[in-house]
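Q: My questions are about this predicted structure, shown below with the sequence.
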Amino acid sequence: MHRTLLGLALMASLPSAANAATFTVCSAGCDGTDIKTVVDMTSDGDTVEVDGGNYAIGTKIQIDNLDVTVVGVDRPGGGTGRPILTSSLNDMIEVKGDSVAWIIGLDIGPGDRCVKVKDTATLYLDDVVVAQCVRNKRGAGLYVEDTGATAIVTNSTFSLNHSTGGIGIEGAGSAVHVVGTFSA
């Protein structure tokens, strides 16, 4: 109940725009089957809904100078379970520029560095699982690179992430805020 209320409160503060659109990702019958391709279609204030299922990320998902939300959904007739993103890429998801991005209800990993925030971007992670991200350099699970970048993490789990130059969550002179329930 508490998680639902916090999630609703966070959703109420999401960016909005007069012409905001909702795009969908699923195995068939949606705007696309590839998360990166659909995210690239978005404009400020848009939402990308990702159906449950496994998504192999072949090209880095970049959110660059956009206010966008990527949320896992359980749509009738859609995929089953939570969306699971896997990849061997460095930086599976990168939020940069002056973006304000929300990632809600996704499982991210296994992969190399799974999530990176840079420049003056702000990333909100809510109800996200980041697991089994392994990197030979810094910040395997979540890496907040620049002093102007911020990550705010709520109701999320980070597990089995490892990097030789640091821990699974790292802010290199930047801010990582943890609010509410967090498991590591």
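A: Nice, I can see it.

Q: And the pLDDT at residue 16?
A: pLDDT recorded at residue 16 is 50.

Q: actually residue 163, sorry about that
A: For residue 163, pLDDT reads 73.

Q: And for the residue nearest to it when sequence neighbours are not counted, the neighbour number?
A: In this structure, residue 163 finds its nearest non-sequential neighbour in residue 140, 3.9 Å apart by C-beta to C-beta, 6 or more residues apart in numbering. Every C-beta, even on glycine, is put in place using the N, C-alpha and C of the backbone. If you count neighbours by other C-beta atoms under 10 Å, residue 140 ends up with 30.

Q: element containing residue 140, please.
A: For residue 140, there is no enclosing helix or strand under DSSP states H and E.

Q: Test my guess that it contacts residue 131.
A: No - judged on C-beta atoms under 8 Å, residue 140 makes no contact with residue 131 at a distance of 10.4 Å.

Q: Overlap in contacts, these two.
A: residue 161 (C-beta atoms under 8 Å, 6 or more residues apart in numbering).

Q: Helices of this protein, residue ranges please.
A: Secondary structure of the chain (DSSP state H): helices at 2-12, 35-39.

Q: weakest of those by average pLDDT?
A: Lowest mean pLDDT within the helices of the chain: helix 2-12, at a mean of 46.

Q: thinking residue 26 is in contact with residue 48, fair?
A: No - if you go by C-beta under 8 Å, residue 26 and residue 48 don't touch, sitting 11.2 Å apart.

Q: what about residue 90, distance to residue 155?
A: 27 Å (C-beta to C-beta, to the nearest Å).

Q: Of the two, which one has the most company?
A: residue 155 (20 against 15).

Q: The more buried one and residue 64, how far apart?
A: For residue 155, the distance to residue 64 - C-beta to C-beta - is 26 Å.

Q: Next: residue 108.
A: Between residue 108 and residue 64 the distance is 19 Å, computed by C-beta to C-beta.

Q: Which of those two has more residues huddled nearby?
A: Neighbour count, other C-beta under 10 Å: between residue 108 and residue 64, residue 108 has more, with 28 against 16.

Q: what bridges to that one?
A: residue 85, residue 130 (DSSP bridges).

Q: right, and it touches residue 89 too?
A: No - assessed by C-beta under 8 Å, residue 108 is found out of contact with residue 89, at 11.7 Å.

Q: per-residue pLDDT, the nearest residue to residue 156 once chain neighbours are set aside?
A: Nearest residue to residue 156, sequence neighbours excluded (C-beta to C-beta, 6+ apart): residue 128, at 4.5 Å. In this model, residue 128 is scored at 93, pLDDT.

Q: Cheers, nothing more for now.
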